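K.L.:
have a look at this fold, sequence not included:
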């Protein structure tokens with residue numbers, strides 16, 4: 001009966017290997033679509049599954065790109081080279097407005113797209129409809145119970161707030177993960193279509209922005225959208241006194257001198273024409289999440305970059321008073337992606353000087369990548385008045401989030417079975433454990449014991465390299481203690497499995513001799529006598545180490561709110577996507593927050609129908625009928641407006 005446990009171990013290991021190689025052998029098929037609605041120009045791409053961040057390829061990409069990007073930026077900052085490129089006038093959006101209405105200007109916003117085909121295409125599908133009627137119920141206002149319907153039209157501009165593709169910006173990834181899905185749902189109509197603009201995210205930066213420049217800065221056409229920007233940053237007028245600024249301050253969170261000069265010159269120009277200018281500011285990351293106002297001026301925090309940018313632009317406007325030009329610039333909204341959920345921090349309207357301060361900090365990174373949890377969000381954050389150096393604080397309350405804290409908090413406990421969900425990571429540990437077992441049984445030197453440090457060192461390297469963030473002294477100390485604990489526990493497992501475990505008489509049922517051919521292999525490879533448990537040792541070591549790693553991330557998050565991205569990507573959430581639709585008038589800015597509960601199974605649909613046939617259906621069928629017929633989902637329940645933010649001007 002006891003020998004059944006040995007065969008059960010073999011069965012578990014075989015299952016992990018089968019799933020791993022099944023994925024390796026999977027070869028997605030190339031899809032044929034047409035670039036245009038007249039079906040004259042074919043286009044081929046390969047739909048991709050979501051990136052798996054804990055398999056060997058995902059980890060190696062993370063290590064390589066994080067290291068290379070920092071090195072590249074320290075040697076060559078391509079933002080400084082962009083002064084040689086053309087310079088925008090700032091009026092490209094309003095002069096090329098495909099929506100001829102003079103009363104309002106619409107634009108759409110997404111961020112962190114270009115990951116799995118199903119999620120990315122689901123978001124693109126809704127963004128590219130000419131109009132769509134959404135059901136609306138404010139999810140965050142308990143006093144409002146009624147549900148209404150709001151018809152929204154496609155924006156004249158699609159703004160992407162970084163990370164157009166994953167895991168790294170490249171020609172192939174932009175083709176398969178961005179251009180392909182977008183062209184599928186919105187082929188070129190050969191008409192004066194909407195505009196596409198974008199700021200790069202860290203994943204776009206990992207090749208030094210080369211592929212991003214070729215995609216976004218050549219004034220070409222992608223799908224039905226036209227590109228107009230000349231640089232990786234921009235400033236455009238939306239109305240006479242409302243402007244959109246996109247900052248490229250990725251990776252290190254700083255801003256280069258030519259870029260800062262570009263924005264100061266822009267605010268000087270618009271200040272000469274208006275007494276008051278309102279700005280929607282797009283930045284790289286939600287720096288306010290981890291900001292500690294007590295440490296202001298004591299240590300570098302990435303919020304300092306935002307503070308510097310805003311103070312510099314406000315100072316440029318104030319200096320115009322010397323030339324008898326009195327104007328004011330107000331940053332009403334700071335907008336970002338990078339974290340893959342929706343959150344909205346709002347300033348209390350009763351705060352003194354409310355009209356002059358930043359009123360809303362909004363994160364909307366639900367464009368297609370894996371979903372981040374919202375469980376860690378603070379109900380209230382304290383931020384400085386960014387236009388001066390005083391430590392006067394402003395309190396912002398969490399006014400909206402998606403998905404809910406409760407649901408995302410429960411999802412963190414999927415890490416209890418991390419070793420199963422991330423079977424690729426466990427297989428990697430099978431490989432490392434095999435190396436350890438070989439060296440341990442053959443060596444009689446100090447190396448025999450040093451090799452037991454291999455997996456503990458790999459674990460600490462992963463945690464240190466991938467999850468490194470700017471921390472306070474207290475957080476650094478806690479993080480160091482956590483890593484020491486991980487190292488010791490991992491080493492303890494190795495010591496027990498390879499040195500102590502074989503000494504137990506009661507585990508004789510796990511000996512390799514249960515498999516008759518193993519003894520022959522041992523003789524062939526001249527394995528020293530006494531190594532009777534190699535198979536069990538490799539399997540048990542890999543399983544226990546993988547369990548430990550998953551539980552470590554879970555403990556680090558729930559104890560200290562560390563490893564937010566790691567615990568979110570441990571189990572890929574392809575649902576709970578979101579995007580924003582902005583309506584700008586002379587009197588107000590209205591922001592509609594649209595949530596998609598479940599993504600549509602486009603890859604499964606492509607097995608039943610030809611992609612170019614789907615293009616024809618989408619051009620002629622009502623969107624809700626198309627969703628019902630092809631995905632068997634109720635579009636009114638699956639896609640809703642969950643929040644509406646109105647900002648008077």
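P.N.:
Nice, thanks for sending it over. The shown structure was predicted, so the numbers you read here are calculated from the model rather than taken from an experiment. Numbering: from 1, shown residues only.
K.L.:
contacts, neighbours, all on C-alpha from now
P.N.:
Noted.
K.L.:
how about the strands in the stretch 201-350 of the chain?
P.N.:
Counting by DSSP state E, counting those that start in this stretch, the stretch 201-350 of the chain has strands at residues 221-222, 225-227, 234-239, 242-246, 276-282, 328-336, 342-347.
K.L.:
make that the stretch 351-500 of the chain, sorry
P.N.:
Residue ranges of the strands in the stretch 351-500 of the chain, as given by DSSP E, counting those that start in this stretch, are 360-364, 380-384, 393-402.
K.L.:
residues making contact with the second one?
P.N.:
Right, strand 380-384. 288-289, 291-293, 345, 390-398 (C-alpha atoms under 8 Å, 6 or more residues apart in numbering).
K.L.:
for the first one, same thing?
P.N.:
Outside of strand 360-364, the residues that reach it under the criterion C-alpha under 8 Å, 6+ apart are 110-111, 286, 332-337, 339-347, 578-580.
K.L.:
give me that answer again for 6 Å
P.N.:
Under the contact criterion C-alpha atoms under 6 Å, 6 or more residues apart in numbering, strand 360-364 has outside partners 333-337, 341-346.
K.L.:
what's around the closest residue to residue 342 other than its chain neighbours, how many residues?
P.N.:
Nearest residue to residue 342, sequence neighbours excluded (C-alpha to C-alpha, 6 or more residues apart in numbering): residue 364, at 4.5 Å. Residue 364: 28 surrounding residues under other C-alpha atoms under 10 Å.
K.L.:
try residue 94
P.N.:
A count of nearby residues for residue 94, using other C-alpha under 10 Å, gives 19.
K.L.:
distance check, it against residue 174.
P.N.:
Residue 94 sits 28 Å away from residue 174, going by C-alpha to C-alpha, to the nearest Å.
K.L.:
same thing with residue 4?
P.N.:
50 Å.
K.L.:
between the two, who's got more neighbours?
P.N.:
Taking neighbours as other C-alpha under 10 Å, residue 4 and residue 174 compare with residue 174 leading, 22 against 11.
K.L.:
quick one: that one is in a strand?
P.N.:
No. Assignment of residue 174 by DSSP: H, G, I helix; E, B strand; the rest coil gives helix, placing it outside any strand.
K.L.:
could you chop this structure up by domain?
P.N.:
35-412+578-648, 423-569 (automatic domain parsing).
K.L.:
now those in a markdown table, with distance to residue 17 and mean pLDDT?
P.N.:
What follows is the domains of the chain, written out as a markdown table (distance: least, C-alpha to C-alpha, whole Å; pLDDT from 0 to 100):
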| stretch | distance to residue 17 | mean pLDDT |
| --- | --- | --- |
| domain 35-412+578-648 | 13 | 88 |
| domain 423-569 | 7 | 88 |
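K.L.:
for residue 277, give the beta-bridge partners.
P.N.:
Per DSSP bridges, the residues bridged to residue 277 are residue 329.
K.L.:
how many neighbours does it have?
P.N.:
A count of nearby residues for residue 277, using other C-alpha under 10 Å, gives 22.
K.L.:
that one contacts residue 327, correct?
P.N.:
No. Between residue 277 and residue 327 there is no contact under C-alpha atoms under 6 Å: 7.9 Å.
K.L.:
show me which positions of the helix or strand containing residue 8 end up buried.
P.N.:
Element membership for residue 8, per DSSP states H and E: helix 3-25. Within helix 3-25, the residues scored as buried using 16 or more other C-alpha atoms under 10 Å are 6, 9, 13, 16-17, 20.
K.L.:
follow-up on the earlier one: between the contacts of strand 360-364, which sits nearest residue 131?
P.N.:
Each of the contacts of strand 360-364 was scored against residue 131 by C-alpha to C-alpha, and residue 342 proved nearest at 22.7 Å.
K.L.:
now do the contacts for residue 236.
P.N.:
Neighbour list for residue 236: 90-91, 243-244 [criterion: C-alpha under 6 Å, 6+ apart].
K.L.:
and the closest residue to it other than its chain neighbours, backbone torsions?
P.N.:
Closest residue in space to residue 236, ignoring its immediate chain neighbours: residue 90 at 4.2 Å, by C-alpha to C-alpha, 6+ apart. Per-residue torsions, residue 90: phi 90, psi -10 (degrees, to the nearest 10).
K.L.:
check contacts around residue 90.
P.N.:
Contact analysis of residue 90 by C-alpha under 6 Å, 6+ apart lists 235-237.
K.L.:
same check on residue 317?
P.N.:
Taking C-alpha under 6 Å, 6+ apart as the test, what residue 317 contacts is residue 268.
K.L.:
distance check, it against residue 91.
P.N.:
20 Å.
K.L.:
go on, residue 450?
P.N.:
According to C-alpha to C-alpha, residue 450 and residue 91 sit 64 Å apart.
K.L.:
between the two, which is the more surrounded one?
P.N.:
When neighbours are counted by other C-alpha under 10 Å, residue 450 and residue 91 differ, and residue 91 comes out ahead with 16 against 12.
K.L.:
next SSE after the helix or strand hosting residue 612?
P.N.:
If you go by DSSP H and E, residue 612 is part of helix 611-620. For helix 611-620, the following helix or strand on the C-terminal side (DSSP H and E) is helix 623-631.
K.L.:
now that next one and helix 611-620, what's the angle there?
P.N.:
150 degrees (axes from the mean of the first three to the mean of the last three C-alpha atoms, to 10 degrees).
K.L.:
quick one: buried residues of the following helix or strand past helix 623-631?
P.N.:
Moving toward the C-terminus from helix 623-631, the first helix or strand encountered (DSSP H and E) is helix 635-638. Neighbour counts over helix 635-638 (16+ other C-alpha under 10 Å) mark 635, 638 as buried.
K.L.:
next SSE after helix 635-638?
P.N.:
As assigned by DSSP H and E, the chain's next helix or strand after helix 635-638 is strand 639-648.
K.L.:
contacts for that following strand, please.
P.N.:
134-139, 588-596.
K.L.:
nearest spatial neighbour of residue 34, skipping sequence neighbours?
P.N.:
residue 42 (4.3 Å).
K.L.:
pull the number of nearby residues for that neighbour.
P.N.:
11.
K.L.:
having no further points to raise, I will conclude here.
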